[in-house]
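Colleague: sharing a model that was predicted from the sequence below.
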Amino acid sequence: MGTDAIRWVATNDRMQIDVSALRQQIEADRAAGERPILVVGNAGTVSTGAVDPLSELAAICREFDLWFHVDGAYGAMAAILPEVSKDFAGLGEADSIAMDPHKWLYAPLEAGCALVRNREKLRDAFSYHPPYYHFETEAINYYDLGPQNSRGFRALKVWLALQQAGRDGYVQTISEDIRLAGELFRRIAQTPQLEGLTQSLSITTFRFIPRDLERGGEEIEGYLDQLNNELLTRLQNSGEAYLSNAIVRGRFALRVCIVNFRTTLADVEALPPLVVRIGEKTDAELRPAGLRR
Ligand SMILES: Cc1ncc(COP(=O)(O)O)c(C=O)c1O
């Protein structure tokens with residue numbers, strides 16, 4: 001169908017899908033003779049870890065007879081935690097869920113996974129029996145259920161880890177990752193040169209802001225984007241910490257996503273001073289004369 005067939009729906013200030021904008025879009029498309037077929041909700045977005053109101057999306061999908069897919073590649077595993085499970089209400093109503101054990105089940109790359117409510121829909125879409133196949137024995141043949149034919153036993157490493165850590169093990173490590181991301185957000189708030197932007201699940205986004213820079217105006221904000229972009233490259237190259245980036249409310253942000261059970265409070269404590277040190281050095285070299293005091 002191509003990306004032109006995708007409608008990007010507005011988000012609210014918590015980065016969740018705006019359900020009334022979604023409804024309006026569906027109605028407008030239908031009125032224009034288009035045929036919406038699918039809604040993709042997020043159980044933990046890539047950039048900020050936002051979780052959409054999944055129950056409301058499920059209700060809209062029922063009302064308009066649409067397939068309800070949830071991208072839980074990163075976040076779906078957090079649904080096992082009692083303290084966050086209410087945010088995931090509605091996940092169980094999805095027709096399909098993407099979840100990546102190589103993200104928050106800590107499996108080595110790669111082990112992407114799709115859960116589908118009705119397996120027969122996969123068979124309808126993918127099953128193909130060329131004349132040179134002869135698989136008459138009663139068995140699950142995965143080539144009937146997806147685009148891949150010959151395939152390795154990726155599930156083994158996931159299964160072994162589940163046996164090793166158990167549900168309780170994952171509850172413990174996933175909630176610790178979330179606690180650390182929250183702890184980082186608090187430490188950022190206590191650091192005058194840093195501005196916390198978002199915190200959800202185990203993702204925290206923030207920016208470095210030089211203390212003597214007076215905020216306001218596109219020139220300053222554009223410089224802050226450039227500064228944080230360069231800071232990130234230097235931080236990554238320093239070998240001391242590896243952060244990624246996000247665009248948050250149109251601005252370049254530093255993004256921490258904790259999905260490693262070896263990350264500790266000591267790492268979290270070390271990060272704000274490290275970012276400030278590299279940030280100040282980068283600013284000293286990068287800032288145009290017109291923005292200096
Ligand atoms: C929410 C979400 N969906 C999809 C992906 C893509 O995952 P992969 O690169 O493992 O296919 C990511 C990767 O970060 C993600 O966070």
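Modeller: Received it, and whenever you're ready, just let me know what you need. Numbering: from 1, shown residues only.
Colleague: so which bits of the stretch 1-150 of the chain are right by the ligand?
Modeller: If contact is defined as C-beta under 6 Å from any ligand atom, the residues of the stretch 1-150 of the chain in contact with the ligand are 44-46, 71, 73-74, 100, 112. Quick note: C-beta positions are derived from backbone N, CA and C, even for glycine.
Colleague: quick one: buried ones out of the residues you listed?
Modeller: Buried by 16 or more other C-beta atoms under 10 Å: 44-46, 71, 73-74, 100, out of these.
Colleague: pLDDT and secondary structure for these - can I get that in TSV?
Modeller: Supplementary listing: those in TSV, determined by pLDDT from 0 to 100; DSSP: H, G, I helix; E, B strand; the rest coil:
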residue	pLDDT	secondary structure
Gly44	98	coil
Thr45	98	coil
Val46	97	coil
Asp71	98	strand
Ala73	98	coil
Tyr74	98	coil
Asp100	97	coil
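Colleague: tell me which two of the residues you listed sit farthest apart.
Modeller: The distance between the two most remote of those (C-beta to C-beta) is 13.8 Å, for Thr45 and Asp100.
Colleague: report the mean per-residue pLDDT for stretch 10-26.
Modeller: Across stretch 10-26, the average pLDDT comes to 96.
Colleague: quick one: terminal-to-terminal distance for it?
Modeller: Using C-alpha to C-alpha, to the nearest Å, one end of stretch 10-26 lies 13 Å from the other.
Colleague: and what of stretch 96-110?
Modeller: Taking C-alpha to C-alpha, the span from the opening residue of stretch 96-110 to its closing residue is 20 Å.
Colleague: and what of stretch 3-18?
Modeller: According to C-alpha to C-alpha, stretch 3-18 extends 21 Å from its N-terminal end residue to its C-terminal end residue.
Colleague: neighbours of the residue nearest to Thr48 when sequence neighbours are not counted, how many?
Modeller: What sits nearest to Thr48 in space, not counting adjacent residues and going by C-beta to C-beta, 6 or more residues apart in numbering, is Thr198, at 4.4 Å. Applying the criterion other C-beta atoms under 10 Å, we find 21 residues in the vicinity of Thr198.
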